[in-house]
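need a 3D model of the following:
(chains A and B)
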Protein chains: 2
Amino acid sequence: MATHTAPHVIIIGGGFGGLAAAKALRGAPVRVTLVDRANHHLFQPLLYQVATAALSPADIAAPIRSVLRNQQNTTVLLGEVIGIDLANRAVILAPDPEAGETANDRLAYDFLILAPGAITAYFGHDAWIQDAPGLKNLDDAIEIRRRVFLAFEAAEREQDSATRQQLLTFVVVGGGPTGVELAGALAEIAYEALTREFRSFNPDDATIHLLDAGPRILPTFPEHLSRTAAKHLETLGVKVRTKAAVTGITRDTIHFGDERIDAATVIWAAGVTASPLGRSLGVQLEKGGRVPVERDLTLAAHPEVFVIGDLAALKDQRGNFLPGLAPVATQQGETAAVNILRAMRGEPMAAFRYRDRGNIATIGRNRAVAVIYGIKTSGFIAWAIWVFIHILTLIGYRNRFAVMAQWTYAYLTHRRPARLIRAEKI
Amino acid sequence: MATHTAPHVIIIGGGFGGLAAAKALRGAPVRVTLVDRANHHLFQPLLYQVATAALSPADIAAPIRSVLRNQQNTTVLLGEVIGIDLANRAVILAPDPEAGETANDRLAYDFLILAPGAITAYFGHDAWIQDAPGLKNLDDAIEIRRRVFLAFEAAEREQDSATRQQLLTFVVVGGGPTGVELAGALAEIAYEALTREFRSFNPDDATIHLLDAGPRILPTFPEHLSRTAAKHLETLGVKVRTKAAVTGITRDTIHFGDERIDAATVIWAAGVTASPLGRSLGVQLEKGGRVPVERDLTLAAHPEVFVIGDLAALKDQRGNFLPGLAPVATQQGETAAVNILRAMRGEPMAAFRYRDRGNIATIGRNRAVAVIYGIKTSGFIAWAIWVFIHILTLIGYRNRFAVMAQWTYAYLTHRRPARLIRAEKI
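Down below sits the predicted model:
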């Protein structure tokens, strides 16, 4: 059992990486403190389902302290990390604005695991954030949900037909898995869920565009699966445009190449960058703001500091940077925990080796494309595998049950149960 | 089937009264427009369960246009009514701030049903709203949920024991059904749901106070049921204080009589007042901002305008004002619809008569007090009746199913599934 003289491990971030590290330290002779600015672990792969009203926020969020409550050596703190004092081995938390700086705001560590994740990136166009929100956390998802359903509401009240058409035009920028999933879900909202609900227009009049700057959507998948995914999307009614690099976004128009689309709702799914916390480490960052790490996941010259998940820049055996995916973060969290215990025993640390089980993206309520253990598949079977994997990896029995029940309901009725708009921004 | 020459009925508000009126006009030879500033009907009796993380917001909210989608003569509009032009029979909507005033903002009616509900009242102490939020809509519920769980989070990080105790002290002001339900749920959160989750304190150290200015809680119930309810609350760990009229509320202290309690979280359940829309009618208002109505629910000298629900001031056979309860609003909505159809046929309107089926308040997860068709009961049986009635009257199959599933889970595990705090105000 851990005592107060046991080494103190601080984990920053309760995402897939941080939570896996904390769980791997259960019962170990260390004190663990996990700090996150939210009180919940977020199951990010299903965030697009909250943004499109298929699930409620609480369905994909598990309180971190609840997940770790039976782990006696672990303390969970809600707090925002604003700096890391590598020389003195301390983490600095943002003070309570009402209390000012207090002794509560500085935490000393013996080992540190940095797993703060990534944020939406606009690649030098930060002004676009206003008119094209990204999708990285629950606030983003609720804001997108609000904009999508508010556009339909405004269209019902609108008497000018050009303005109405603009309100019924939706653009998703970025053809990665999130963009593909969002566009597919938007098509289902317009063409299935909202049928018969409006009197001044037909939801079939809505248009959903998916734009990507590259030559094909889902570029991390084999080429023929990209084509299959595009075909599936078009069957759902999505207009897929590749080689469409966005040059401007305003409140009601999006420009790409020589073209423009008048659209009241634009969603940005075109990229992420690592947490700005990486900048406080004083090292040269890699592409996407990622922190270069040793093969054992430690920071150069700091064997007590581990960087994992979306913040870590590490190449695989073939020299490609590992992608920002949940399985990478989870496996790195486990390796970081193992390496801390090895270091405590004076053993050499292990090199991280990513076990790539595959890649999957879903398109609407019946189809997906997948590469699983090297086997490529698409259509209904890929979709069933997607459902199975996501239910299986959801944290917490209640969440699994709640999500399964709502998916069954939605599958049978084509409805979107969580269509909430509130007057204020929620 | 309704045509464009059919009389136009505007209903303001999609609560119990407005929705009942709209449903009662299904298939009638009228055009119906229901306007609400939210896109959802809210099942207010369960709002305290969202505030205490037992249910998700979407579980007690049904999109109004979805509820009425098969009612071809009915249009649903999302919009805020800012005025009523009685002389010209028109409703004025708040303009889209970006578009400015347009033709979309003025709706002419032949009949008007006013059902805008009530808001929280501080009886001349509006400054208290900041430190003691009320509970009338989903934003309120989410704000209370945020404050409650944030207090526990801050207590875990706090190293000063007096400050920590203040963070763990909760005060509910107002001993009506909402206050009693909130206090009971807070006790269950502290003493059951959060067990084993904190390391720097024991959730048993939390204190929950229920204050009421009057001589007993639940004053609309028979006296012995008030005593039973107080006893149930004390069994759960709630400190019940009657004759405790609040004289001041600041960020971390509440004053009543000569006493004070240091509490970081205060919730206001001590009163409501009718919607300010009543003031735009140019009539002398009754107590609580209510609009006096004729026995047929119309406004004096305006047989085409009906006022129902929390906004209507109408006395029962014994000369008491009808309470602001869902069954009153529902029955009034039905009567208003019937009276419109009678007026169209040239028949005299019917007088409203409230069929009082009873009154029920729940205390924690096993007990309630109830008067049903004159029969007084308390304890587990009353609680089972409460569950049955609330499931039965929830709008929408999905909501019923979702709430039932979550209650079953929560009942078996004592957990609170919807414990979401986000960095920003949600």
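
give me the number of residues near the residue nearest to residue A:339 when sequence neighbours are not counted?
Closest residue to residue A:339 apart from its sequence neighbours, by Cβ to Cβ, 6 or more residues apart in numbering or on different chains: residue A:349 at 4.2 Å. Any C-beta I mention is one placed from the backbone N, CA and C, and that applies to glycine too. Using other Cβ atoms under 10 Å in any protein chain shown, residue A:349 is surrounded by 20 other residues.

so residue A:83 sits in a strand?
Yes - under DSSP: H, G, I helix; E, B strand; the rest coil, residue A:83 sits within a strand.

how about the strands of the stretch 1-150 of chain A, start to end?
A:8-12, A:31-36, A:40-42, A:61-63, A:74-78, A:81-85, A:90-93, A:106-108, A:111-114, A:118-120 (DSSP state E, counting those that start in this stretch).

so can I have JSON lines of those strands showing distance to residue B:369, mean pLDDT and mean neighbour count?
What follows is those, written out as JSON lines (distance: least, Cβ to Cβ, whole Å; pLDDT from 0 to 100; neighbours: other Cβ atoms under 10 Å in any protein chain shown):
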{"stretch": "strand A:8-12", "distance to residue B:369": "47", "mean pLDDT": "98", "mean neighbour count": "26"}
{"stretch": "strand A:31-36", "distance to residue B:369": "41", "mean pLDDT": "97", "mean neighbour count": "24"}
{"stretch": "strand A:40-42", "distance to residue B:369": "35", "mean pLDDT": "95", "mean neighbour count": "25"}
{"stretch": "strand A:61-63", "distance to residue B:369": "32", "mean pLDDT": "93", "mean neighbour count": "27"}
{"stretch": "strand A:74-78", "distance to residue B:369": "37", "mean pLDDT": "96", "mean neighbour count": "24"}
{"stretch": "strand A:81-85", "distance to residue B:369": "48", "mean pLDDT": "95", "mean neighbour count": "17"}
{"stretch": "strand A:90-93", "distance to residue B:369": "46", "mean pLDDT": "96", "mean neighbour count": "19"}
{"stretch": "strand A:106-108", "distance to residue B:369": "48", "mean pLDDT": "95", "mean neighbour count": "15"}
{"stretch": "strand A:111-114", "distance to residue B:369": "52", "mean pLDDT": "98", "mean neighbour count": "28"}
{"stretch": "strand A:118-120", "distance to residue B:369": "51", "mean pLDDT": "96", "mean neighbour count": "18"}
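
which element, helix or strand, includes residue A:418?
Using DSSP states H and E, no element contains residue A:418; it sits outside every helix and strand.

which residue does the stretch 301-426 of chain A have closest to chain B?
Per Cβ to the nearest Cβ, residue A:418 is where the stretch 301-426 of chain A lies closest to chain B, at 4.0 Å.

got the phi/psi numbers for that residue?
Main-chain torsions, residue A:418, degrees, to the nearest 10: phi -110, psi 50.

picking that back up, list the contacts for the residue nearest to residue A:339?
Listed by Cβ atoms under 8 Å, 6 or more residues apart in numbering or on different chains, the contact set of residue A:349 reads A:296, A:298, A:303, A:339, A:342, A:343.

swap the cut-off to 7 Å and go again
Residues near residue A:349 by Cβ atoms under 7 Å, 6 or more residues apart in numbering or on different chains: A:296, A:339, A:342, A:343.

can you select the buried ones from those residues in ChimeraX?
Buried members of the contacts of residue A:349, defined by 16 or more other Cβ atoms under 10 Å in any protein chain shown, are picked up in ChimeraX with:
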select /A:296,339,343
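
narrow the contacts of residue A:349 to those in helices?
Counted as lying in helices by DSSP state H, out of these, are A:339, A:342, A:343.

rewinding a little: can I get the strands of the stretch 1-150 of chain A in a markdown table including distance to chain B?
Formatted as a markdown table, these follow (distance: least, Cβ to the nearest Cβ, whole Å):
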| stretch | distance to chain B |
| --- | --- |
| strand A:8-12 | 13 |
| strand A:31-36 | 9 |
| strand A:40-42 | 6 |
| strand A:61-63 | 5 |
| strand A:74-78 | 4 |
| strand A:81-85 | 12 |
| strand A:90-93 | 8 |
| strand A:106-108 | 10 |
| strand A:111-114 | 18 |
| strand A:118-120 | 13 |
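
let's have those strands in a markdown table, adding distance to residue B:115.
Compiled in a markdown table, those are given as follows (distance: least, Cβ to Cβ, whole Å):
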| stretch | distance to residue B:115 |
| --- | --- |
| strand A:8-12 | 50 |
| strand A:31-36 | 43 |
| strand A:40-42 | 37 |
| strand A:61-63 | 35 |
| strand A:74-78 | 41 |
| strand A:81-85 | 49 |
| strand A:90-93 | 48 |
| strand A:106-108 | 54 |
| strand A:111-114 | 54 |
| strand A:118-120 | 42 |
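
quick one on the thing from earlier: the residue nearest to residue A:339: helix or strand, and which one exactly?
Secondary structure assignment for residue A:349, by DSSP H and E: no helix or strand.

okay, how far is it across stretch A:51-69, tip to tip?
End-to-end distance of stretch A:51-69 (Cα to Cα, to the nearest Å): 29 Å.

now it: how far from the chain's centre is it?
13 Å (Cα atoms, centre = their mean, to the nearest Å).

okay, now residue A:73: neighbour count?
With other Cβ under 10 Å as criterion, residue A:73 counts 21.

ugh, wrong one, I meant residue A:202
13.

and what of residue A:409?
16.

before we move on, what about the one 5 residues further on?
When neighbours are defined as other Cβ under 10 Å, residue A:414 has 14 of them.

how near is the closest residue in space to it that isn't next to it in sequence to chain B?
In space, and not counting its chain neighbours, residue A:414 is closest to residue A:192: 4.3 Å by Cβ to Cβ, 6+ apart. Remark: distance between residue A:192 and chain B (Cβ to the nearest Cβ, to the nearest Å) = 13 Å.

per-residue confidence at residue A:192?
pLDDT, residue A:192: 91.

residues in the stretch 151-300 of chain A within reach of chain B, list them.
Counting by Cβ under 7 Å from any Cβ of the partner chain, the stretch 151-300 of chain A comes close to chain B at A:153, A:156, A:157, A:158, A:159, A:196, A:197, A:199.

wait, the third one sits on residue B:80?
I take that to be residue A:157. No - using Cβ atoms under 7 Å, residue A:157 makes no contact with residue B:80, being 11.5 Å away.

which residues does residue A:355 contact?
By Cβ under 7 Å, 6+ apart, the contact list for residue A:355 reads residue A:331.

and what about it, helix, strand or coil?
Residue A:355 - assigned by three-state DSSP - is coil.

which residues touch the one residue sitting closest to the centre of chain A?
Among the residues of chain A, the one closest to the centroid is residue A:44, at 4.0 Å (Cα atoms, centre = their mean). Contact analysis of residue A:44 by Cβ under 7 Å, 6+ apart lists residue A:326.
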